[in-house]
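Novice: Sequence below, structure please.
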Amino acid sequence: MAPRLTSNPSLSVAPEPLTRDAFAPFGTAVYSPLPRDFSSPPSSVSSLTPHDPAPVLANQNSALKYSSISPLLNEYPDRCPSGKASSGRMTMFSCFPRSLRTVQSSSRSSAVFDVRILERHPFTTQTFTPIDLSSQTRAGDHEEPFFLVVVAPTLKGTTTTAKTTNGDTVTVQDPPDLSRLRAFVARGGQAVTYGVGTWHAPMVVLGPRRVDFVVVQFGNGVDEEDCQEVEFGEGVVVDLGGRGSGSARL
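Specialist: Down below sits the predicted model:
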């Protein structure tokens, strides 16, 4: 079990759309630079809107290749204390819809997601790519799920205290800066790469069905080097506004 921070943070954040610029402090947002209705290969890449990285024609000029679109970093060899060798991992996470809590106030009723835990991978990037998920808010007669990407920067060079389930006090190195926690709404057609050491919530799927993600990262099998976690009590929430509206339409 993750240790629980002895501080009792309390904050509410509103989610924002996932864009490259907004997410850049935490990692990389990945999505196509082409309009959805762009369905024929161009005769020349010079006719396209400039993009970094610049595309090249590929696959007998039937495709555009953008490389590299997101970092794939392995810092285990230079930084991990154990010195144990790491390797690339491709896994699948089948993420089921999370429950929201309703908060009543004098002016409105809001659906909120309680952020109770953050984790980070101190020596590797981690990329989540959804499969079988439309980029549209609806697929036929059904509402499509979306996912929340909840992140916080690291307070590098600092420590804080936490309690284990046994009641022992432990020191957390480089804890999350909860005062700068942010949340992003992402949909099909978008992937995220968490930067090395970025604190983030476990994937949060909201909607009528599960979403499967292909996940790419490095690991060496040493638990405390592959993943570090902290918990906290009730008080850190993502406010989605009125149920069935707000961020679900971003």
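Novice: Tell me, how many residues neighbour residue 70?
Specialist: 16 (other C-beta atoms under 10 Å). Where C-beta positions appear, they are placed from N, C-alpha and C, glycine not excepted.
Novice: Three-state assignment for it, please.
Specialist: Using DSSP: H, G, I helix; E, B strand; the rest coil, the structure places residue 70 in coil.
Novice: correct me, but it touches residue 28?
Specialist: Yes: taking contacts as C-beta atoms under 8 Å, residue 70 lies within contact range of residue 28: 4.4 Å.
Novice: anything in contact with each of these two?
Specialist: residue 193 (C-beta atoms under 8 Å, 6 or more residues apart in numbering).
Novice: what's downstream of the lowest-mean-pLDDT helix or strand in the chain, the next helix or strand?
Specialist: One helix or strand of the chain scores below all others by mean pLDDT, DSSP states H and E: strand 138-139, with a mean of 79. Heading C-terminal from strand 138-139, the first helix or strand you meet, by DSSP states H and E, is strand 142-143.
Novice: neighbouring contacts of that following strand?
Specialist: Contacts with strand 142-143, where a contact means C-beta under 8 Å, 6+ apart, come from 137, 207, 208.
Novice: Now do residue 146: how many residues are near it, please.
Specialist: 24.
Novice: Check the secondary structure at the most centrally placed residue in the chain for me.
Specialist: In the chain, the residue lying closest to the centroid (C-alpha atoms, centre = their mean) is residue 149, at 3.9 Å. Counting by three-state DSSP, the backbone at residue 149 sits in strand.
Novice: surely it meets residue 191?
Specialist: No: the pair residue 149 and residue 191 does not pass the contact test of C-beta under 8 Å, sitting 10.2 Å apart.
Novice: that older thread, so which of the contacts of strand 142-143 wins on neighbours?
Specialist: residue 207 (18 neighbours).
Novice: The chain: helices as residue ranges?
Specialist: Using DSSP state H, the helices of the chain run over 20-23, 76-79, 223-226.
Novice: what would those helices look like in a markdown table with mean neighbour count, mean pLDDT and distance to residue 124?
Specialist: Listed next are those as a markdown table, based on neighbours: other C-beta atoms under 10 Å; pLDDT from 0 to 100; distance: least, C-beta to C-beta, whole Å:
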| stretch | mean neighbour count | mean pLDDT | distance to residue 124 |
| --- | --- | --- | --- |
| helix 20-23 | 14 | 97 | 18 |
| helix 76-79 | 13 | 97 | 7 |
| helix 223-226 | 15 | 96 | 8 |
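Novice: Nearest to residue 11, out of these?
Specialist: helix 20-23 (18.3 Å; C-beta to C-beta).
Novice: Now find how far off-centre that closest one is within its chain.
Specialist: From the chain centre to the centre of helix 20-23 is a distance of 12 Å (C-alpha atoms, centre = their mean, to the nearest Å).
Novice: now swap in stretch 54-69 and tell me
Specialist: A distance of 26 Å separates the centroid of the chain from that of stretch 54-69, by C-alpha atoms, centre = their mean.
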